[in-house]
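S.K.: A structural model of the following input is requested.
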Amino acid sequence: VRIYNGVELEAFRPAGQNGVRLRRELGLDPEAPLVGTIGRLVYQKAHDVFLQAASLVARAVPNAQFLIVGEGALRPRLERMVEELGLRSCRFAGFQADIPDMLSIMDVFALSSVLEGLPRVLLEALAMARPVVATSIDGVLEVAQHGVTGLLVPPGQPAPLADAIILLLKDPALAGRLGKAGRKLVEERFALSRTVEEVDRFYTTLLREKGVR
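M.R.: Got it, this is the predicted structure:
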């Protein structure tokens, strides 16, 4: 029996956020497009690929800015990489408890991982109706459909990741369609209420098989 993780839809609501204050607190331009990612700063999340892609995006969209949310052992190495790439518009936000707020200020959410189970943050980004670019790896493929609820790219390759991000930044209509479709997907398949119902149904079935009522 497969029961997916669920997202609390009331906590991740795409409407009504005003991210101007939060962007300014993070040292970001409230008006410029923002590409963000969220996750522990560890090997499997491939933030180095995200940063290499960011440098390519910056050439095509000069006012683009980038946000990395999360902490981990690789932060010093990644900060050095930002300097080496000359990414002046990249910010590290560290650990943040309010993930809905972080997602609400992103124009594009990117997941550059090379290894995942079922990435919860991807479900949360979809629930927030963020246009998503993610790597086509196990786990992600169970959630996102290319061109329908997000754009999927090969893992470990900065150029395709950058191309997909640039496409979404330059095509707001496509970004909007993907965001709306992602929210609908989570509502229909990955709501926390559905997870609770399926767990209840599973244990009820087991008890009945044992003759317990």
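
S.K.: output the helix or strand that contains residue 198 as PDB, nothing but the C-alphas.
M.R.: Per DSSP states H and E: residue 198 is located in helix 192-209. Extracted in PDB, the C-alpha atoms of helix 192-209 (Å, rounded to 0.1, in the frame of the first residue of the first chain):
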ATOM      1  CA  LEU A 192      -3.100  16.100   4.400                       C
ATOM      2  CA  SER A 193      -6.700  15.200   4.900                       C
ATOM      3  CA  ARG A 194      -6.400  12.600   2.100                       C
ATOM      4  CA  THR A 195      -3.300  11.100   3.800                       C
ATOM      5  CA  VAL A 196      -5.200  10.800   7.100                       C
ATOM      6  CA  GLU A 197      -8.200   9.200   5.400                       C
ATOM      7  CA  GLU A 198      -5.900   6.600   3.700                       C
ATOM      8  CA  VAL A 199      -4.000   5.800   6.900                       C
ATOM      9  CA  ASP A 200      -7.300   5.300   8.700                       C
ATOM     10  CA  ARG A 201      -8.700   3.100   5.900                       C
ATOM     11  CA  PHE A 202      -5.500   1.000   5.800                       C
ATOM     12  CA  TYR A 203      -5.500   0.200   9.600                       C
ATOM     13  CA  THR A 204      -9.300  -0.400   9.500                       C
ATOM     14  CA  THR A 205      -8.800  -2.900   6.800                       C
ATOM     15  CA  LEU A 206      -6.000  -4.700   8.700                       C
ATOM     16  CA  LEU A 207      -8.200  -4.800  11.900                       C
ATOM     17  CA  ARG A 208     -11.100  -6.300  10.000                       C
ATOM     18  CA  GLU A 209      -8.900  -9.000   8.500                       C
END
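
S.K.: mean confidence for that helix?
M.R.: With pLDDT averaged residue by residue, helix 192-209 scores 90.

S.K.: contacts for that helix next, please.
M.R.: Contact with helix 192-209 is made by 1, 3-9, 213, as judged by Cβ atoms under 8 Å, 6 or more residues apart in numbering. To be clear about C-beta, it is placed using only N, CA and C from the backbone, and glycine gets the same treatment.

S.K.: perfect, I'm done here.
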